[in-house]
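Q: dropping a prediction and its sequence here:
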Amino acid sequence: MSYLANIRTFVRVFELGSMSAAGRDLRISPAVTSSRISQLEEHLSVRLFQRTTRSLTPTEQGRAFYKGASEILEAVDKAEAQVVNMTDNPKGSLYVAAPLGVGRRMIAPLIAGFLKEYPQVRLRLRLTDRKVDLTAEGLDLAFFLGHPEDSNLRIRKIADIERVLCASPDYIAAHGMPLAGDDLVSGAHECLNLRFPGATEFQWRLVTSEGPRRFRVTGRYECDDGDVLTDWALAGNGIAMKPLFEVAEHLKQGRLVPVACQTLPVPVQMACLYTHRKGQDPKTRLFMEHMIERIAGRVREPILEA
């Protein structure tokens, strides 16, 4: 199991961006963490991370290896779960959280199918765009967009979600069409911001010709509900940065139009956060697998095609 342990260590270092954070998560010393990464690099004959005294950055080979390594761990966990759960008849309550847009459009429509398959399970769904604390709030599972802070919990990536900067035709007629991120910080545009205690996206990360760059946008409209931002954009009040699946229909119908298309938003990770498998209720894993299989297929569809 030593090679598998090395792969698990690599995945946690990649996800948390830190040797020390990964070591704490896996309950191993920094020396053991570093040794496992070195063994893996020696086995593969490539460097997986660029290390400096201040930062740890995945190499191109490291980014490529992460995808396959994650799939290996997921396959092992799934195989083990199938053995563990083969004779189980899941019952009891599940408490799940999700962002408003993800929950309303992707999670909620799939719950009936899961409960039909497992009739002795009850489910409570909490929708919020705020950060949640699984342990403090008694949650079994939380879907999220972005990257969580250093955590003792596990992360299961679902997909990278395309985002779009958009506004209504009326707003463009009144304020002009911004071509790139620099136009958004010129003071000529209202940018609609998702804000709540603990929020980190006070700057919009856009792809420029020199690579990803953060733009410190401003605006008078702020809310902790992403759907309110969409409503404000539809009403002509400003520019919103939204996951593409949340506004795809508005874009198709012309109620919103893409803006600043020379600097597209960096895609955001959709993933779920859950407790370590050994301490996880089987029905939590069943629910996670049920949702991920269906959500991953939806978000990879070409949603803007007619």
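A: That came through fine.
Q: so what's the closest residue to Ser18 other than its chain neighbours up against?
A: The shortest distance from Ser18 to any non-neighbouring residue, by C-beta to C-beta, 6 or more residues apart in numbering, is to Leu56 (6.3 Å). Where you see a C-beta, it was placed from the backbone N, CA and C, and this is true even at glycine. Residues near Leu56 by C-beta atoms under 8 Å, 6 or more residues apart in numbering: Val13, Gly17, Ser18, Met19, Phe49, Gln50.
Q: in a strand, Leu94, correct?
A: Yes - the assignment for Leu94 is a strand, going by DSSP: H, G, I helix; E, B strand; the rest coil.
Q: correct me, but it touches Gln120?
A: No - using C-beta atoms under 8 Å, Leu94 is not in contact with Gln120, being 11.4 Å away.
Q: more neighbours: the two, which one.
A: Ranked by neighbour count (other C-beta atoms under 10 Å), Leu94 and Gln120 place Leu94 first, with 23 against 10.
Q: just the pLDDT at the more buried one, thanks.
A: Looking at Leu94, its pLDDT reads 91.
Q: excluding residues flanking it in the chain, which one is nearest it?
A: Excluding its sequence neighbours, the residue lying closest to Leu94 (C-beta to C-beta, 6+ apart) is Leu123, at 4.7 Å.
Q: contacts for the one helix or strand that neighbour maps to?
A: Per DSSP states H and E, Leu123 falls inside strand 121-127. Strand 121-127 has contacts (C-beta under 8 Å, 6+ apart) with 90-100, 103-104, 107-108, 111, 114-115, 132, 139, 283, 287.
Q: helices of the stretch 101-250 of the chain, start to end?
A: Using DSSP state H, counting those that start in this stretch, the helices of the stretch 101-250 of the chain run over 108-117, 134-137, 169-175, 181-184, 226-234, 244-253.
Q: Met270: which of these is closest?
A: Comparing the helices of the stretch 101-250 of the chain against Met270 with C-beta to C-beta, the closest turns out to be helix 244-253 (9.6 Å).
Q: please name every helix or strand in contact with the closest one.
A: Contacts defined by 3 or more C-beta pairs under 8 Å, 6 or more residues apart in numbering; DSSP states H and E place helix 244-253 against strand 163-167, helix 226-234.
Q: hey, which of those is tucked in deepest?
A: Highest mean neighbour count of the helices and strands packed on helix 244-253: strand 163-167, a mean of 25 (counted as mean count of other C-beta atoms under 10 Å).
Q: just checking, what packs against that one?
A: Under the contact criterion of 3+ C-beta pairs under 8 Å, 6+ apart, strand 163-167 touches strand 239-243, helix 244-253, strand 257-258.
Q: for that strand, what is the distance to the chain centroid?
A: Offset of strand 163-167 from its chain centre (C-alpha atoms, centre = their mean, to the nearest Å): 18 Å.
Q: sorry, back to before: buried ones in the strand holding Leu123?
A: By neighbour count with 16 or more other C-beta atoms under 10 Å, strand 121-127 contains the buried residues Val121, Leu123, Leu127.
Q: just send these back as a markdown table, with distance to Trp232 and pLDDT too.
A: Formatted as a markdown table, these follow (distance: C-beta to C-beta, whole Å; pLDDT from 0 to 100):
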| residue | distance to Trp232 | pLDDT |
| --- | --- | --- |
| Val121 | 38 | 89 |
| Leu123 | 32 | 93 |
| Leu127 | 19 | 91 |
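Q: just give me the closest of those to Asn237.
A: Out of these, the member with the shortest distance to Asn237 (by C-beta to C-beta) is Leu127, at 23.2 Å.
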